[in-house]
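In: Dropping a prediction and its sequence here:
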Amino acid sequence: MKKRLFDSEMKAHRFNLDKLSLTGVLAAIVATGGVLLIAAAFLTRGSKSASAATTALLCSLTSSSGGGPGYPAQYDATPMQLKAILHYATSRVVPQQTLAEVRLSFDVLMELSPCNFLVFGLGYDSLMWAGLNPRGTTVFLEEDPKWLHTVSERNPSLRAFHVNYNTQLSEADDLLSVARDDPECAPDRVRLGSRSRCRLMLPGLPDEIYDKEWDVIMIDAPRGYFPEAPGRMGAIFTAAAMAWRRVKPGVTHVFLHDVDRRVEKLYAKEFLCMSNKVEGTGRLWHFKISPSSNTSRSTFCS
């Protein structure tokens, strides 16, 4: 989800929408409120076959009376969605996640929206995530203050906050050992925010991040591919604690990207729990976490 085009983690896909007519764009907006066109960008990688696939998708959208099978018949476009359409239709950089990966969270957001959606990371896909949760609350947490300033200037309607991560990837194993032995990190005692004494709990976030109950959490940051990087240990643990402490009815959907990496996989198994994993594709896992009914439980996973 990071932003630098030549960053080794970016791996951004490029695409060509030169043949996408204005008529087709407008027709797609009218037919679906525009949200599916964001996904259509992934189908084009500059090839003729990809352009044909996009054309076929747009034709199918414009011929339907609503959003298509499984989607709301009335899905009126919001300004954020229209801005996302304009951005991705005129940009050569699309979100880092593949279409198959995005589709997992896309389907959940289509079912739950408007909902509370927390995203770890502010990247090229931020407009897409905000656009996929129309009239909901979508908040981004970003580690790089300069990048946060740049994106906020370009897209002032996005809600994003800076996060100071107090860990390094090289500490992952030690932090996990400490958390296993520290009762303050146990689910029956863990507290959110500055009240927590667990080293894995992310400190210093705005109160609304701790106070709000998030329906969907996407973890695609911070950086976690070199020893001095902050790693995603705290993000994974904090997301698990938020889901565990949920009060209102329903589950928390947690999406974790880059599960091909050792630390992401290790911490997912420890705190998000494989018994909660409902699906996955590529480098993305989807967990559905129910709030705790066992107040004396000392581990997140059985």
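Out: Received it, and whenever you're ready, just let me know what you need.
In: Please make it C-alpha for all contacts and neighbour counts, starting now.
Out: Noted.
In: Please, which helix or strand holds Phe161?
Out: Element membership of Phe161 [criterion: DSSP states H and E] is strand 159-162.
In: I'd like the next helix or strand past the strand or helix carrying Glu279.
Out: Under the criterion of DSSP H and E, Glu279 resides in strand 277-281. Per DSSP H and E, the first helix or strand lying C-terminal to strand 277-281 is strand 284-289.
In: Only the buried residues of that following strand, if you could.
Out: Buried residues in strand 284-289, counted by 16 or more other CA atoms under 10 Å: 284-289.
In: Which of those residues sits closest to Pro183?
Out: Ile289 (21.2 Å; CA to CA).
In: contacting residues around that closest one?
Out: Listed by CA atoms under 8 Å, 6 or more residues apart in numbering, the contact set of Ile289 reads 240, 243-244, 251-254, 272, 276.
In: Just the ones of these in strands?
Out: 252-254 (DSSP state E).
In: which of the residues you listed count as buried?
Out: Among these, those scoring as buried are 252-254 (criterion: 16+ other CA under 10 Å).
In: Return the closest of the residues you listed with respect to Leu176.
Out: Using CA to CA, those come closest to Leu176 at Val254, 19.9 Å.
In: Next up, the contacts around that closest one.
Out: Applying CA under 8 Å, 6+ apart, the residues contacting Val254 are 216-219, 239, 286-289.
In: how about 6 Å then?
Out: 216-218, 286-287 (CA atoms under 6 Å, 6 or more residues apart in numbering).
In: could you dump those residues to CSV with distance to Ile85?
Out: CSV is the format used below for the contacts of Val254 (distance: CA to CA, whole Å):
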residue, distance to Ile85
Val216, 22
Ile217, 23
Met218, 21
His286, 26
Phe287, 29
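In: for the chain, what spans make up the strands?
Out: Using DSSP E, strands in the chain cover 116-120, 137-142, 159-162, 216-219, 252-257, 277-281, 284-289.
In: Tell me the helices and strands packed up against the first one.
Out: Using 3 or more CA pairs under 6 Å, 6 or more residues apart in numbering; DSSP states H and E, the elements in contact with strand 116-120 are strand 137-142, strand 216-219.
In: and the chain, what are its domains?
Out: 22-90, 99-289 (automatic domain parsing).
In: looking at those domains, which one has the lowest mean pLDDT?
Out: Mean pLDDT per stretch puts domain 22-90 lowest among the domains of the chain, at a mean of 51.
In: How about Ser194: what's its closest non-neighbour residue?
Out: In this structure, Ser194 finds its nearest non-sequential neighbour in Pro203, 5.5 Å apart by CA to CA, 6 or more residues apart in numbering.
In: Tell me if I'm right that the one you found and Leu192 touch.
Out: No: counting by CA atoms under 6 Å, Pro203 stays clear of Leu192, with 8.5 Å between them.
In: what pLDDT does the residue lying closest to Lys269 once chain neighbours are set aside get?
Out: Spatial nearest neighbour of Lys269, excluding adjacent residues (CA to CA, 6+ apart): Cys301 at 7.8 Å. Per-residue pLDDT puts Cys301 at 93.
In: C-alpha coordinates for stretch 153-167, PDB please?
Out: C-alpha atoms of stretch 153-167 as PDB (Å, rounded to 0.1, in the frame of the first residue of the first chain):
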ATOM      1  CA  GLU A 153      -3.200  18.200   0.100                       C
ATOM      2  CA  ARG A 154      -4.300  16.300  -3.000                       C
ATOM      3  CA  ASN A 155      -7.300  14.700  -1.400                       C
ATOM      4  CA  PRO A 156      -8.500  16.800   1.600                       C
ATOM      5  CA  SER A 157     -11.700  14.800   1.900                       C
ATOM      6  CA  LEU A 158      -9.800  11.700   3.000                       C
ATOM      7  CA  ARG A 159      -9.600  11.200   6.800                       C
ATOM      8  CA  ALA A 160      -6.000  10.200   7.800                       C
ATOM      9  CA  PHE A 161      -3.900  10.400  10.900                       C
ATOM     10  CA  HIS A 162      -0.100  10.000  11.500                       C
ATOM     11  CA  VAL A 163       1.000   7.000  13.500                       C
ATOM     12  CA  ASN A 164       4.300   6.700  15.400                       C
ATOM     13  CA  TYR A 165       5.200   3.000  15.500                       C
ATOM     14  CA  ASN A 166       7.500   2.100  18.400                       C
ATOM     15  CA  THR A 167       8.700  -1.200  17.200                       C
END
